[in-house]
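Enquirer: Make a model of this:
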Amino acid sequence: MGRTLEVLAEGYAFPESPRWHDGSLWISDMYGSVVVRIDFGGAYETIVEVPQHPSGLGWLPDGRLLVVSMEDRKLLRLEPEGLVEHAELSEVATFHCNDMVVDRFGRAYVGNFGGELRRDQAVPPGTLALVYPDGRVTAAADDLRFANGMAITPDGGTLFVGESLSEPPRLTAFDIGPEGELTNRRTVAEFGSEARDGIGLDSEGAIWIASPPTKAAARVVQGRIVERISTGDHACYAVALGGADGHTLFLCTSGTSVPEIARRRRTGRVSAVRVDVPAA
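Expert: Model (predicted):
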């Protein structure tokens, strides 16, 4: 089925980590170093600057924003006076932090690169951090190959993690215990050219994945890709489901992922498309 993408907003350095929250779309302009809120008319508001580059976004039960600060490996919390440190992640994260998901209790799962990425070396394994609402940090799962997009099922019982640089790229699932602990690790999908980045979960249990190499988003059902949506000449780096009725798929795309070029060219855009199955 062909679907038509509508450009919602553009001119960003590198949009990432889209989240539908409180009637608006929120994104991290990673290389622009800001968190932005966008409405359906394309109007936007800069919420806060994050000098060490923002990535994953989430909210505590009382509505306060949490944002991953990548290069200094911190989880920050937005208070009326500005950003404050919610948790120091460097004891778990061995290199830059990345995406995050926050559950209904305010527990945050935060991924990281594992180590510096080099073309001539295999990606080093990383450890997923679990941050409790009081700022305590523990290791939730290890040996993850570039933990990236994450999603939690509506019942709070399962965490999905995309391992972008595993061989082959895969989606991994864990059971979530009463205290947020992760058990029963298993692979739920593997991909070839459809390397996985940000993800979104729909109400039928299918997972939308962003696939930068193929410049597309793909819907995965029981480990099998059942639909692809092309993002044209831009690579797709992250997706989220939302909108007033949950039937809008938001796609974060860019013409480049090289930080210096992205900041100069600002080709990043956020597009929207109607899909059949709403958000979980």
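Enquirer: next SSE after the helix or strand where residue 173 lies?
Expert: Using DSSP states H and E, residue 173 sits within strand 170-176. Per DSSP H and E, the first helix or strand lying C-terminal to strand 170-176 is strand 182-190.
Enquirer: Identify the residues contacting the following helix or strand past that next one?
Expert: Next along the chain after strand 182-190, taking DSSP H and E as the criterion, comes strand 199-201. Contact with strand 199-201 is made by 148-153, 160, 162, 171, 207-210, 239-241, 249, 279-280, as judged by CB atoms under 8 Å, 6 or more residues apart in numbering. C-beta: built from backbone N, CA, C; applies to glycine.
Enquirer: Keep only those of the residues you listed that are in strands.
Expert: 148-152, 160, 162, 171, 207-210, 239-241, 249 (DSSP state E).
Enquirer: what's the closest of those residues to residue 48?
Expert: residue 240 (19.1 Å; CB to CB).
Enquirer: so the closest one makes contact with residue 19?
Expert: Yes. Between residue 240 and residue 19 there is a contact under CB atoms under 8 Å: 5.9 Å.
Enquirer: Which neighbours do those two have in common?
Expert: With CB under 8 Å, 6+ apart as the test, residue 240 and residue 19 both reach residue 25.
Enquirer: So between these two, which is more surrounded?
Expert: residue 240 (29 against 24; other CB atoms under 10 Å).
Enquirer: Tell me which residues touch that one, please.
Expert: 18, 19, 20, 25, 198, 200, 249, 250.
Enquirer: For ChimeraX, what selects the buried ones among the contacts of strand 199-201?
Expert: The ChimeraX selection below is limited to those of the contacts of strand 199-201 classed as buried (16 or more other CB atoms under 10 Å):
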select :148,149,150,151,152,160,162,171,207,208,209,210,239,240,241,249,279,280
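Enquirer: Now stretch 61-71 - C-alpha only, PDB.
Expert: Extracted C-alpha coordinates of stretch 61-71, given in PDB (Å, rounded to 0.1, in the frame of the first residue of the first chain):
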ATOM      1  CA  PRO A  61       4.700  10.300  36.600                       C
ATOM      2  CA  ASP A  62       4.400  13.900  37.800                       C
ATOM      3  CA  GLY A  63       5.100  15.300  34.300                       C
ATOM      4  CA  ARG A  64       8.700  16.400  34.600                       C
ATOM      5  CA  LEU A  65      10.800  15.900  31.500                       C
ATOM      6  CA  LEU A  66      13.800  13.600  31.500                       C
ATOM      7  CA  VAL A  67      16.400  13.900  28.700                       C
ATOM      8  CA  VAL A  68      19.500  12.000  28.000                       C
ATOM      9  CA  SER A  69      22.700  14.100  27.700                       C
ATOM     10  CA  MET A  70      24.800  12.000  25.500                       C
ATOM     11  CA  GLU A  71      28.500  13.000  25.700                       C
END
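Enquirer: Right, I'll call it a day here.
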